[in-house]
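Peer 1: turn this into a structure:
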Amino acid sequence: MSSAFRVQAIRYAQRDARRGEHFHGYEPGGAGSHPTAYYIWLAVSDEHTVVVDTGIAPERAARVEGLDYRCSPVEALAELGVPAESVDHVVLTHLHYDHTGTAHLFPRARYVVQQAELDYWSGPWAERITRERWLLNDADLAHLREAGERGRVRALDGDATVVPGLSVHLVGGHTAGMQVVRAETARGPVVLASDASHFYENIESDRPFPILHSMTGMYGAFDRVNELAGGPELVVAGHDPLVLERFPLQTPDVALISP
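Peer 2: Numbering: from 1, shown residues only. Below you'll find the predicted structure:
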């Protein structure tokens, strides 16, 4: 039986943003258009069905100005023939609302998250740091706590194998417990960077995104992503519309990262 994964990036929403929103510090031409794509990722082997991040919930999406919300991430998976109940693991790269919004809809999955991420959002600092607090959905955190009480959360302290052929790696930077996902594929090791690098330009030009927990952590995350991937062509940025240009399209909103 093979532990190689077939990986897809699934765009469920997009928003027209400004370039200055996406790079730390002064950005010449920062008022120019710089679209944001919103993805979840699906990794399937012969033995496992893994979803990486779960996107924005419909009720929260309705409150995001200018968001073109095409469908719920769970609906997008169903259209690909992957019902939520068939997913055995959900990896949450971090706990911002646009990555946890439909996590509660996967009834059989075990959640994989870093303990440092849980500790940060459950502790005293997140409540006081208002520039970050809006990024957390309290209901999503409450669901994880309840799932943990039922033995459905694997809280990690660093790098770990989730299932054969797929691992997570603590990088920090964007959030206290930011993790990236490495999947063994027919093309080689693919790294789903998620918000460790929102856009290819962040990592390729060594320019962090402005929402960050640690500046040095962001630079370290760039280095770690490059170390883990089989090459720059196997890095998948977290919010970049270019993902749908750099990889073959299965549908207009689904990129086939590796068959």
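
Peer 1: please count neighbours and contacts with C-alpha atoms only from this point.
Peer 2: Noted.

Peer 1: Ser167 against Thr161, yeah?
Peer 2: Yes. Contact criterion CA atoms under 8 Å: Ser167 and Thr161 qualify, at 4.1 Å.

Peer 1: overlap in contacts, these two.
Peer 2: With contacts taken as CA atoms under 8 Å, 6 or more residues apart in numbering, Ser167 and Thr161 have no neighbour in common.

Peer 1: more neighbours, those two?
Peer 2: Set Ser167 next to Thr161 and count neighbours by other CA atoms under 10 Å: Ser167 wins out with 18 against 12.

Peer 1: how close does Ser197 sit to Ala17?
Peer 2: Using CA to CA, to the nearest Å, we find Ser197 at a distance of 16 Å from Ala17.

Peer 1: compare these two (neighbour count), which wins?
Peer 2: A count of neighbours by other CA under 10 Å puts Ser197 above the other of Ser197 and Ala17, at 30 against 17.

Peer 1: name the residues of stretch 235-255 that are buried.
Peer 2: 235-241, 243-244, 247-249, 253-255 (16 or more other CA atoms under 10 Å).

Peer 1: which residue is nearest the middle of this protein?
Peer 2: Ser194 (3.8 Å; CA atoms, centre = their mean).

Peer 1: residues touching it, list them.
Peer 2: Counting by CA under 8 Å, 6+ apart, the residues that Ser194 touches are 93, 180, 236-239.

Peer 1: in CSV, list those along with secondary structure and pLDDT.
Peer 2: Output for the contacts of Ser194, formatted as CSV (DSSP: H, G, I helix; E, B strand; the rest coil; pLDDT from 0 to 100):
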residue, secondary structure, pLDDT
Thr93, coil, 98
Val180, strand, 98
Val236, strand, 98
Ala237, strand, 98
Gly238, coil, 98
His239, coil, 97
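
Peer 1: which stretches of the stretch 1-150 of the chain form strands?
Peer 2: Counting by DSSP state E, counting those that start in this stretch, the stretch 1-150 of the chain has strands at residues 6-15, 36-44, 49-52, 67-69, 89-91, 110-114.

Peer 1: reformat those strands as TSV; add distance to Pro208, mean pLDDT and mean neighbour count.
Peer 2: Converted to TSV, the strands of the stretch 1-150 of the chain look like this (distance: least, CA to CA, whole Å; pLDDT from 0 to 100; neighbours: other CA atoms under 10 Å):
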stretch	distance to Pro208	mean pLDDT	mean neighbour count
strand 6-15	20	98	22
strand 36-44	16	98	24
strand 49-52	22	98	23
strand 67-69	23	97	17
strand 89-91	23	98	25
strand 110-114	21	98	24
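
Peer 1: what helices and strands are in contact with the helix or strand bottoming out on mean pLDDT in the chain?
Peer 2: The helix or strand of the chain with the poorest confidence is helix 130-133; it has a mean of 85 (mean pLDDT, DSSP states H and E). Other helices and strands packing on helix 130-133, by 3 or more CA pairs under 8 Å, 6 or more residues apart in numbering; DSSP states H and E, are helix 124-128.

Peer 1: may I see the buried residues of the helix it packs on?
Peer 2: Ala126.
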